[in-house]
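Peer 1: Requesting a structural model of the entry that follows:
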Amino acid sequence: MGHHHDYHEMPDDPNLTGYDIILVNSSGGKDSQAMLDVVCRRAADAGVLDRITVLHCALGRVEWPGTADLARRQAVHYGVRYEERHREQGDLLTQVRQRGRWPSATARYCTSDQKRGPARKLITQLVNELGAIDRPAQVLNCMGLRSQESRARLKNCGQ
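Peer 2: Here you go, the predicted model:
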């Protein structure tokens, strides 16, 4: 949500009422939690808290025990929908074995395969649940990245 430390006053704030679906990707970690807090408070102020869905992409054996439960409890705390997904082709360790190497700054396949794919599928499901609307659905997909970390990601991913 920008590189500012003051999350409350960002010039590039999206108007949340313009979105039919607000998807918050949560690892359960502190970056996700900070983002969830900001997005939920703004959505509540705008009267659109019911449009938020929290998605936790479970990474299987490589995840700390209790991580998914933490992500779920954070969603419950704000009173928003919680969905959990896994990558169909196996968890990160299976993927490492198949590729014969660990993810790195230049090969961040954990982000793309483990998270983006399941997010796309859930977005499709949520749009279908909206039912008939006479225009394209507007979806805001939120990811919480530390600004120090995201610069390296931007450089290596072109994302």
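Peer 1: I'd like to know which helix or strand in this protein has the lowest mean pLDDT.
Peer 2: In the chain, the helix or strand scored least confidently by mean pLDDT, DSSP states H and E is helix 109-111, which has a mean of 50.
Peer 1: what about the strands in this structure?
Peer 2: Along the chain, the stretches classed as strands by DSSP state E are 21-25, 52-58, 81-86, 139-143.
Peer 1: The residue lying closest to His86 once chain neighbours are set aside: what's it in contact with?
Peer 2: Leaving aside its chain neighbours, His86 sits nearest to Ala58 (5.1 Å; criterion: C-beta to C-beta, 6 or more residues apart in numbering). C-beta coordinates here come from the backbone N, C-alpha and C atoms, glycine included. Contacts for Ala58 (C-beta atoms under 8 Å, 6 or more residues apart in numbering) come out as Thr67, Ala68, Glu84, Arg85, His86.
Peer 1: Now do the first one against Ala132, distance only.
Peer 2: Spelled out, it's Thr67. Applying C-beta to C-beta, to the nearest Å, the value for Thr67 to Ala132 is 37 Å.
Peer 1: Those two: who's more crowded?
Peer 2: The residue with more neighbours, out of Thr67 and Ala132, is Thr67; 17 against 4, by other C-beta atoms under 10 Å.
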